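**Q** Requesting a structural model of the entry that follows:
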Amino acid sequence: MALVNSVALIAAADAVSGNIATVGYGLAVIGPGIGLGILIGKTIEGMARQPEVSGQLRTTMFIGIGFVEVLGLLGLITGFIFS
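**A** Below you'll find the predicted structure:
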């Protein structure tokens, strides 16, 4: 029985590759997702409160979405580069 447990432990150790930085890069991609939710939600709230400025709010939202997406892609690509 001890031989089976040690074989299973060795197999599990071989299956796990990478390091803790990979987890960090994965968490770095979650942040922009949360940021997008807040950004879009607040823009829709602003449009509902003041419909006359919806065009300006929409333009500003799309610029903000671009910046947030760049941060998300940067976190994702960094994980691929350094792994």
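
**Q** Check which helices and strands the one helix or strand residue 37 maps to is in contact with.
**A** Under the criterion of DSSP states H and E, residue 37 resides in helix 20-49. When contacts are defined as 3 or more CB pairs under 8 Å, 6 or more residues apart in numbering; DSSP states H and E, helix 20-49 sits against helix 54-82. C-beta: built from backbone N, CA, C; applies to glycine.

**Q** What residues of the helix it packs on count as buried?
**A** By neighbour count with 16 or more other CB atoms under 10 Å, helix 54-82 contains the buried residues 57, 61, 64, 65, 68, 72, 75, 79.

**Q** and that helix, what's its mean pLDDT?
**A** Mean pLDDT, helix 54-82: 86.

**Q** quick thing: my sequence starts at 58, can you match it?
**A** Got it, the first residue is 58 from now on, which makes the last one we talked about helix 111-139.

**Q** Please list all residues in contact with the most centrally placed residue in the chain.
**A** Among the residues of the chain, the one closest to the centroid is residue 86, at 1.9 Å (CA atoms, centre = their mean). Taking CB atoms under 8 Å, 6 or more residues apart in numbering, we find residue 86 in contact with 129, 132, 133.

**Q** pLDDT at the closest residue to residue 129 other than its chain neighbours, what is it?
**A** Spatial nearest neighbour of residue 129, excluding adjacent residues (CB to CB, 6 or more residues apart in numbering): residue 89 at 3.6 Å. We have a pLDDT of 84 for residue 89.

**Q** okay but residue 89 is in contact with residue 125, surely?
**A** Yes - counting by CB atoms under 8 Å, residue 89 does reach residue 125; the two are 4.8 Å apart.

**Q** intersection of neighbour lists for the two?
**A** Residues touching both residue 89 and residue 125 by CB under 8 Å, 6+ apart: none at all.

**Q** relative to helix 111-139, how tilted is the helix holding residue 94?
**A** With axes from the mean of the first three to the mean of the last three CA atoms, to 10 degrees applied, the angle from helix 77-106 to helix 111-139 works out at 180 degrees.

**Q** Quick check: of the contacts of residue 86, which lies closest to residue 106?
**A** Nearest to residue 106 among these is residue 129, at 28.2 Å by CB to CB.

**Q** if I look at that closest one, how far off is residue 115?
**A** Per CB to CB, to the nearest Å, residue 129 is found 21 Å from residue 115.
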